[in-house]
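In: Turn this into a model:
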Amino acid sequence: MTRRPPRVPASRALASRVLASALTAGVLVSLSACSLLERPETAKFDVSPASPTATASPTTSATPSLTDAQARDALLGPAELGERWSATQGGATWRDGLLKGRTDAADCQRLLDGLYAEDLLGKPKGAGAVVGLDQSDTEAQLRYQVAAYGGPAEVDAKMAWLRTLPEKCAEFTATDVRGERQTVRVVPAALPGVGDAREGLRMTMSGEGDLYGETPTLTLDFAAVRVGDRAVSLTNGGLGGAEEDFTNQAVQLGTQRLQNVLAGRTTPNQPANRPADQPADQPADQSTGVPAEQQSAEEG
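Out: Sure thing, here's the model as predicted:
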């Protein structure tokens, strides 16, 4: 007579299957952990002065697109813009008085908020640095930033949105912090043909009444230029107006300076177009930063 094998109780069979599944899962977890340990480059954390919060950005490259030192060296200083400019003495009162305005148009509110928060290109995803400059005669303020972002497409998307504002926000009404109505106008601004992509705007804000002892007529330029996944951006202006020449000069020299820094051609903390020992009235070759007379002597 053939003897049947003893029946395994259902509870024991279920327990065996559960144990086998647990062991299999444990093996998979172990293998996954080993894989992660073998590839430490799968996550990179960048902390910069322009973005104090650590941001995880997956990357396969060990070389950052912009270092903190490069961002600082790429900043403009008063020497690039002329003797009327100096290090800033602090934020102007019109920032809170006018840029905190409210409007019902969503894109126009986003513009005001971005100008006030100084993040129209979004928060940097890597290294960055910022400098503020004041102009003595018009009391204009220039805020200049160099930063790395998530990628060229991210910056281009922000620029594409900025490009729509002269139509979407050609003219709208905003209410300032005092409850006064302000008429805001936005027009495109032409920029020098530098970098990989660029966008410029000019915003004027005017109203009735008196703000801090004078009629509140604010003129503010915004400009941004992309260089790879890095960008230079600036705002320039104030209640005394915004001089287009200075905006374009900052864009031209700032982009050139960033490109030189990335290529290792600029001495840290010195003007991109003038070495430390070069007299202010002696022109320099724009591609090398070497005085023209010195370059001719060396070539001869």
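In: buried ones in stretch 182-192?
Out: 182, 184, 186, 189, 191-192 (16 or more other CB atoms under 10 Å). Any C-beta I mention is one placed from the backbone N, CA and C, and that applies to glycine too.
In: Need these in CSV (columns: distance to residue 260 and secondary structure).
Out: As requested, these are exported to CSV (distance: CB to CB, whole Å; DSSP: H, G, I helix; E, B strand; the rest coil):
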residue, distance to residue 260, secondary structure
182, 41, strand
184, 37, strand
186, 33, strand
189, 25, coil
191, 19, coil
192, 16, coil
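In: Which two of these have the greatest separation?
Out: 182 and 192 (30.6 Å; CB to CB).
In: so where do the strands sit in the stretch 201-300 of the chain?
Out: 217-227, 230-238 (DSSP state E, counting those that start in this stretch).
In: sorry, back to before: closest one of the buried residues of stretch 182-192 to residue 121?
Out: For the buried residues of stretch 182-192, the nearest to residue 121 is residue 191 (14.5 Å; CB to CB).
In: Which residues are in contact with the nearest residue to the closest one once chain neighbours are set aside?
Out: In space, and not counting its chain neighbours, residue 191 is closest to residue 200: 4.4 Å by CB to CB, 6 or more residues apart in numbering. Contact analysis of residue 200 by CB atoms under 8 Å, 6 or more residues apart in numbering lists 188-191, 221-224, 247, 251.
In: picking up where we left off before, most tightly surrounded among the strands of the stretch 201-300 of the chain?
Out: strand 230-238 (a mean of 26; mean count of other CB atoms under 10 Å).
In: tell me the angle of it relative to strand 217-227?
Out: 170 degrees (axes from the mean of the first three to the mean of the last three CA atoms, to 10 degrees).
In: For strand 230-238, the averaged confidence score.
Out: The average pLDDT for strand 230-238 rounds to 97.
In: Same check on stretch 66-79?
Out: If you average the pLDDT over stretch 66-79, you get 94.
In: Give me the buried positions along that stretch.
Out: Per 16+ other CB under 10 Å, stretch 66-79 contains these buried residues: 66-68, 70-78.
In: between those residues, which is closest to residue 148?
Out: So of the buried residues of stretch 66-79, ranked by how close each gets to residue 148 (CB to CB), first place is residue 66, at 4.0 Å.
In: can you list the weak-confidence ranges in the protein?
Out: Low-confidence segments of the chain (pLDDT under 70): 1-64, 208-216, 266-300.
In: again, only using 50
Out: 1-62, 269-300 (pLDDT under 50).
In: quick one: the helices in it?
Out: 10-38, 68-73, 78-81, 94-98, 106-117, 152-168, 244-262, 292-299 (DSSP state H).
In: Touching the fifth one from outside, list them.
Out: Yep, that's helix 106-117 we're talking about. 95, 99-103, 120, 161, 164-165, 168-169, 172, 174, 184, 186, 203, 220, 222, 235.
In: Weed out the non-buried ones from the residues you listed.
Out: Among the contacts of helix 106-117, those buried by neighbour count (16+ other CB under 10 Å) are 99, 101, 103, 120, 161, 165, 169, 172, 174, 184, 186, 203, 220, 222, 235.
In: So what's the residue count around the nearest residue to the fifth one once chain neighbours are set aside?
Out: Nearest residue to residue 161, sequence neighbours excluded (CB to CB, 6+ apart): residue 107, at 7.8 Å. Using other CB atoms under 10 Å, residue 107 has 15 neighbouring residues.
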